[in-house]
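J.: Model the following, please.
(chains A and B)
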Amino acid sequence: MNAVCQKPSARIRNKLRCKTITLAHGSGGKAMRDLIDDIFVTAFDNPELDTLEDQARFDLAALNALGDRLAMTTDSYVVDPLFFPGGDIGMLAVNGTVNDLAISGARPLYLTCSVIIEEGLEVEVLRQVAQSMKQAADAAAVHIVTGDTKVVPRGMADKLFINTAGIGIIPEGLNIRADRAEPGDAIIINGFVGDHGAAIADARGELALETSMRSDCQALNSLISVMLDACPNIHSLRDATRGGIATVLNEFAASSGTCMNLNEAAIPVREDVRGLCEILGLDPLYLANEGKLIAIAPPKYAERIVQAMSTHPAGQNAAVIGEVREKPVASVILATQFGGSRIVDMLVGEQLPRIC
Amino acid sequence: MKYVDEFRDPVKAKSLIREIHGLIAQIERAKERPLQLMEVCGGHTHTIFRYGIEKMLPDTIELVHGPGCPVCVLPMGRVDDCVALAEHPDVIFTTFGDAMRVPGSKKSLLQAKAEGADVRMVYSPLDALGLARANPYKEVIFFGLGFETTMPSTALTILQAKQEGIKNFSLFCNHITIIPTVKAILDSPDLRLDGFLGPGHVSMVIGNKPYEFIAQHYHKPIVVAGFEPLDILQSIWMVLKQIHEGRCEVENQYQRIVPDQGNAEALAAVGEVFELREFFEWRGLGSIDHSGVRVRSAYRDYDAEKKFSVPNLKIADPKACQCGEVLKGVIKPSQCKVFGTTCTPEMPLGALMVSSEGACAAYYNYSRIDLLTNADTERPDGIAH
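T.: Residues are numbered from 1 along each chain as shown, chains lettered A, B, ... in the order given. Predicted coordinates for the structure are as follows:
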């Protein structure tokens, strides 16, 4: 990546001298400069950002050498609470966008970071979030190269919202698309489903359960590169975030006009996540994940892919959870552990706990 | 998972299914037409669809999904009342989660919340009381909903509020009772039911005695059933066994939870706080005598209907809906004129499409496989392979 880097500047970084964010920090004056310098430039610390131009600049020839297509994506993060077991909003904002790039087969390279801050947020909270973004970016080998800061009056936003956009390069020869699922293909997952959704429900503290549930928030790009080494002809890939694996599988089924046939017994769900779902009448298939992907691949490669995944920390509990069939078209069917079968439809609205 | 997986054992399920097949083959009546068994409770309906139980049973058994989904049977007018209360400027309106989406004549609680009403989801009425303690300058209203299962916790919360002298808490009472409703169904002229699975969690409170009239006067077998899939299968087997042996009794499959006499303390709290209403309006079934309860006048300070003005308008069910016929087993959900067309879980017209426990919603969400397969003559255009 050196070829696309600018020369680092030797300019002096300004320091922030207050404990809470005020509207002044979004007003474009000295306070804003101090905030950007002290929090973001210091944390993200990379040559592209350090020039403090209004845009990051890239050497096209260097990007060209990595593949034949540019992938671009954007996502906004509004999670409540900001910090939860297993992650925080900063980590989520980096990993989410990295994953949205990586599932195209792209190598994620650069991210943007726009924050909308509610007046009154503690500076220390913002600093922690920025540091967490940096750690996540380092772990995923991406740079946060440009950004924006806005402060809104109290009550106009909830503490902190982050938007990240990202670009990556898709290597030649890959063709990963939702509509390529074919009858006979294997449906593969990289581990336990529902951890993030369950951890967030628990972290909101409304239930006062004693559990050890943690979000699965993680970048998937290095896992995906391991998978593509094992089988470059992976047909479809998607990270299962909001709406859970049920939603992704419905998207695959609809795009490809096939039936996603799942085997409930093969789907990995942690005991405590299952417990939470039992208590609240929720379905783990619809719970959010932040580090899980579904891959659709030709059956003869399935074992090799799962084998390769299980050597990677993000894929230790990888499993084949079903197969693609021809009919009924555009549907997801689950063979229940109990011996019956049912449809797994798209969720209507939010999953709400049942009365009794 | 302990205490859960034991009740979902596929090997035991297979052997029970085998027994059920064997038993029904010996029942003469089932040779003329399928036996219709009604599961009264929405929790049973949910289990039946979630585990695909209907498809495991012989064709000679037809499950009729009864009225026991309190969210589904809530009439539109009552939802409108909820919205009116919630939109009161000083009110925090608290509700169980799945009541949020039930459509009123103009909007649901979810829509009212989006428009600015302070509507909060709680897991227990005690959470609502906690909100009242924490917000002394607000009026906290709890939307009491459900059969005898949830009634005791609401009653105990009111008793606690009184004991603590909390003045800013009240109940919008929509609790309903199961017995008059089952009786109304049994009295309907187009009824064809052959037996019942009794509601396990209601029975945990009221015991088994209240069902005796079903066996004695209407000569239908009833088995109080648990909510795990093996509970359901065993209960079906027990009903068939009664039919085969020519018995009509109240039996208790859910003995690990349901005592024959019910829960005396819970019943005492319910009796202390609530009294029967003369009649209560049900979505899909119309008005049923003595089928709802209200707060006794001794606790009127905790009755939202006394404390606030409630519009209390009666809104008729949409004409096209055939919920009543589905509830009584006269037609299957998919035979309703509007099923899956103008009535879907996204835009429910009828009661039974509203909650995931409603027969139509459960059928739509989990069990349209046959409909999908039959519709599969060609693939949609524009799909690349």
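J.: Give me the domain ranges for the chain.
T.: Chain wasn't specified; assuming chain A. Structural domains annotated on chain A: A:10-170, A:178-343, as defined by automatic domain parsing.
J.: wrong one, chain B
T.: With domains defined by automatic domain parsing, chain B comprises B:1-69+B:178-256+B:317-369, B:76-176+B:292-307.
J.: so which of those comes closest to chain A?
T.: For the domains of chain B, proximity to chain A was assessed by CB to the nearest CB; domain B:1-69+B:178-256+B:317-369 is nearest, at 2.1 Å. All C-beta atoms are positioned from the backbone trio N, CA, C, and that covers glycine.
J.: for the record, mean pLDDT for that closest one?
T.: Confidence over domain B:1-69+B:178-256+B:317-369 (mean pLDDT, whole number) is 91.
J.: now check that domain, is it near chain A?
T.: Yes: Domain B:1-69+B:178-256+B:317-369 comes into contact with chain A when judged by CB under 8 Å from any CB of the partner chain, the residues involved being B:1, B:4, B:8, B:10, B:13-14, B:17, B:43, B:46, B:49-56, B:201, B:229, B:345-346, B:355-357, B:364-369.
J.: what's the neighbour count on the residue in chain A positioned nearest to chain B?
T.: Chain B sits closest to residue A:340 of chain A, with a gap of 2.1 Å, by CB to the nearest CB. Neighbour count of residue A:340, defined by other CB atoms under 10 Å in any protein chain shown: 24.
J.: Mind jotting down where the strands sit in chain A?
T.: Using DSSP state E, the strands of chain A run over residues A:69-77, A:83-84, A:87-88, A:107-118, A:143-152, A:160-170, A:186-189, A:236-239, A:259-263, A:293-297, A:319-325, A:331-335, A:341-343.
J.: In contact with residue A:150, which residues?
T.: Contact criterion CB atoms under 8 Å, 6 or more residues apart in numbering or on different chains gives A:26, A:114-117 as the residues in contact with residue A:150.
J.: again with residue B:348
T.: Contacts of residue B:348 were listed using CB under 8 Å, 6+ apart, and they are B:103, B:354, B:361.
J.: The first one: helix or strand, and which one exactly?
T.: If I follow you right, that is residue B:103. With elements delineated by DSSP states H and E, residue B:103 resides in a region that no helix or strand encompasses.
J.: ditto for the one 10 residues further on
T.: According to DSSP H and E, residue B:113 maps onto helix B:109-114.
J.: does any part of the helix or strand just after that helix sit near chain A?
T.: Of the helices and strands lying after helix B:109-114 in sequence (DSSP H and E), the nearest is strand B:119-121. Yes: under the criterion of CB under 8 Å from any CB, strand B:119-121 makes contact with chain A via residue B:121.
J.: Who wins on neighbours among the contacts of residue A:150?
T.: residue A:115 (29 neighbours).
J.: how far away is residue B:36 from residue B:334?
T.: Going from residue B:36 to residue B:334 by CB to CB, to the nearest Å gives 16 Å.
J.: err, residue B:284, not the other one
T.: Where residue B:334 is concerned, residue B:284 sits at a distance of 17 Å (CB to CB).
J.: Now the buried members of the residues of domain B:1-69+B:178-256+B:317-369 next to chain A.
T.: Burial of these was assessed by neighbour count (16 or more other CB atoms under 10 Å in any protein chain shown); the buried members are B:8, B:13, B:17, B:43, B:46, B:49-56, B:201, B:229, B:345, B:355-357, B:364-369.
J.: residues from chain A in reach of chain B?
T.: For chain A, the contact set with chain B under CB under 8 Å from any CB comprises A:179-180, A:182, A:206-207, A:255-257, A:271, A:274-275, A:278, A:280-281, A:327-331, A:333, A:336-343, A:345, A:348-349, A:352-356.
J.: neighbours of the closest residue to residue A:238 other than its chain neighbours, just the number please.
T.: Of all residues beyond its chain neighbours, the one nearest residue A:238 is residue A:248 (4.7 Å), with distances taken as CB to CB, 6 or more residues apart in numbering or on different chains. Here the count is done by other CB under 10 Å, and residue A:248 has 25 residues near it.
J.: Who are the contact partners of residue A:248?
T.: Listed by CB under 8 Å, 6+ apart, the contact partners of residue A:248 are A:238-240, A:294.
J.: 6 Å - rerun?
T.: Residues touching residue A:248, when contacts are defined by CB atoms under 6 Å, 6 or more residues apart in numbering or on different chains, comprise A:238, A:240, A:294.
J.: Buried ones only from those residues, please, as a PyMOL command.
T.: Here the buried members of the contacts of residue A:248 are turned into a PyMOL selection, burial being counted by 16+ other CB under 10 Å:
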select buried, chain A and resi 238+240+294
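J.: Check what pLDDT residue A:51 gets.
T.: Residue A:51 carries a pLDDT score of 76 in this model.
J.: whoops, I mixed them up, residue A:310
T.: What the model reports as pLDDT for residue A:310 is 97.
J.: Also the one 3 residues further on?
T.: pLDDT, residue A:313: 96.
J.: and if you look at the one 5 residues further on?
T.: According to the per-residue confidence, residue A:318 scores 98 in pLDDT.
J.: and it, how many neighbours does it have?
T.: A total of 24 residues lie near residue A:318 under the criterion other CB under 10 Å.
J.: mind listing what it touches?
T.: In this structure, residue A:318 makes contact with A:190, A:306, A:309-310, judged by CB under 6 Å, 6+ apart.
J.: between those residues, which has the most around it?
T.: Of all these, residue A:190 has the most neighbours under the rule other CB under 10 Å, reaching 31 neighbours.
J.: Give me the phi and psi for that one.
T.: Main-chain torsions, residue A:190, degrees, to the nearest 10: phi -100, psi 10.
J.: so what's it up against?
T.: If a contact means CB under 6 Å, 6+ apart, then residue A:190 has A:292-293, A:309, A:315, A:318 as its contacts.
J.: For the spatially most central residue of chain B, which non-adjacent residue is spatially closest?
T.: Relative to the mean C-alpha position of chain B, the nearest C-alpha, by CA atoms, centre = their mean, is the one of residue B:69, at 1.6 Å. Closest residue in space to residue B:69, ignoring its immediate chain neighbours: residue B:42 at 3.1 Å, by CB to CB, 6+ apart.
J.: Got phi/psi on the one you found?
T.: Note on residue B:42: backbone dihedrals following degrees, to the nearest 10 are phi -60, psi -30.
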